[in-house]
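1. Give me a model of this one.
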Amino acid sequence: MLEAAAFGILAGAMIAFPAEAAEAAGQALSLWARSVAPVLGPFMACMLMVSSRIRGGLAMRTVLGWLCGSPGGARLMREARLAGSGAVRAAAMTGTMSPMFLIGTVGGWLGDRRLGWMILACHLLGALGVGLCIRPEEKTDAPVGIPMPLGAALRESALALLTVALCMMLGCAAARMAACALPGLPIEAQTALQCALEVTGGVKGIAALRSPYAAPLICAACSFGGLSLLAQNAAFWQDSGVTIGQLALLRLVHGVLSGALCWMASSLLFPS
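-> Here you go, the predicted structure:
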């Protein structure tokens, strides 16, 4: 009921501000085409081909999830057929952003690829820390890889990319509708709202602010992921019993931990 009310309000706002909604969705689609699809698409197809042919345990699949990024990591864990605390732990560790996005795209927005590497390291350390705090109820057998044909890997990747695109459009439209409803909202508050709803546009907004705390804020925002990324991951975890509320709590803790780690690292490595 709550979800229906939220989407009903969003639909009503889009009817009230049709031009603004279309512009925000178009900007999200452009950002997806320029910064997300070129990074996530080819790499996800490669990771699906690799993961379906390995016989490693969950540790290997987690590393592949880190390399692929969200929601690819959740997709790679589907074959493991996890449940209970084991699924929650895997969700905590694999709900991460793509390394190529953090190093290439975010590092480029900040004007220093070294910052992208630092954000990536703190981001992954935070995910590992949150995951290790969750003890699985029982040992899970290592999933046996079933080789996936190239055509199937391409179809899976394309479906995931389209899901990402639609979630980004919804998140950006929701953020713009909130800005239309609150026209006096400061730019900092608008950026924070954008991060909470759709992280890619929000991170670009943080980089544009040129804040001395940009790297820790971006690390925290990427670790939380926003509602758009939560919805993408939840689509793959729902069969394992992991709820979107659990994912939100995991990502919130991840955001706080990773942001704190990045703040300490940036103070040591980039004191100016």
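2. Give me the secondary structure label for residue 97.
-> coil (DSSP: H, G, I helix; E, B strand; the rest coil).
3. Can you tell me the closest non-neighbouring residue to it?
-> Nearest residue to residue 97, sequence neighbours excluded (CB to CB, 6 or more residues apart in numbering): residue 222, at 4.7 Å. (C-beta placed from N, C-alpha, C; glycine too.)
4. How many residues are close by that neighbour?
-> By the criterion of other CB atoms under 10 Å, residue 222 has 35 neighbours.
5. Am I right that it is in contact with residue 199?
-> Yes: the pair residue 222 / residue 199 is scored as a contact, 6.1 Å apart, by CB atoms under 8 Å.
6. Need the residues touching each of those two.
-> Contact with both residue 222 and residue 199 is made by residues residue 97, according to CB atoms under 8 Å, 6 or more residues apart in numbering.
7. hmm, back to that, which element, helix or strand, includes the residue nearest to residue 97?
-> Counting by DSSP states H and E, the element that carries residue 222 is helix 214-224.
8. which outside residues touch that helix?
-> 96-97, 102, 106, 110, 115, 118-119, 122-123, 126-127, 195-196, 199, 202-203, 206-207, 211, 251-252, 254-263, 266, 270.
9. So for that helix, mean pLDDT?
-> Mean pLDDT, helix 214-224: 95.
10. And the helices in the stretch 51-200 of the chain?
-> Secondary structure of the stretch 51-200 of the chain (DSSP state H, counting those that start in this stretch): helices at 58-68, 72-76, 84-94, 99-100, 107-110, 113-132, 150-181, 187-197, 199-209.
11. now those helices in JSON lines, with mean neighbour count, mean pLDDT and distance to residue 18?
-> JSON lines is the format used below for these (neighbours: other CB atoms under 10 Å; pLDDT from 0 to 100; distance: least, CB to CB, whole Å):
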{"stretch": "helix 58-68", "mean neighbour count": "21", "mean pLDDT": "83", "distance to residue 18": "36"}
{"stretch": "helix 72-76", "mean neighbour count": "27", "mean pLDDT": "80", "distance to residue 18": "33"}
{"stretch": "helix 84-94", "mean neighbour count": "23", "mean pLDDT": "88", "distance to residue 18": "37"}
{"stretch": "helix 99-100", "mean neighbour count": "20", "mean pLDDT": "88", "distance to residue 18": "35"}
{"stretch": "helix 107-110", "mean neighbour count": "18", "mean pLDDT": "91", "distance to residue 18": "30"}
{"stretch": "helix 113-132", "mean neighbour count": "21", "mean pLDDT": "94", "distance to residue 18": "37"}
{"stretch": "helix 150-181", "mean neighbour count": "19", "mean pLDDT": "84", "distance to residue 18": "11"}
{"stretch": "helix 187-197", "mean neighbour count": "19", "mean pLDDT": "87", "distance to residue 18": "19"}
{"stretch": "helix 199-209", "mean neighbour count": "22", "mean pLDDT": "90", "distance to residue 18": "20"}
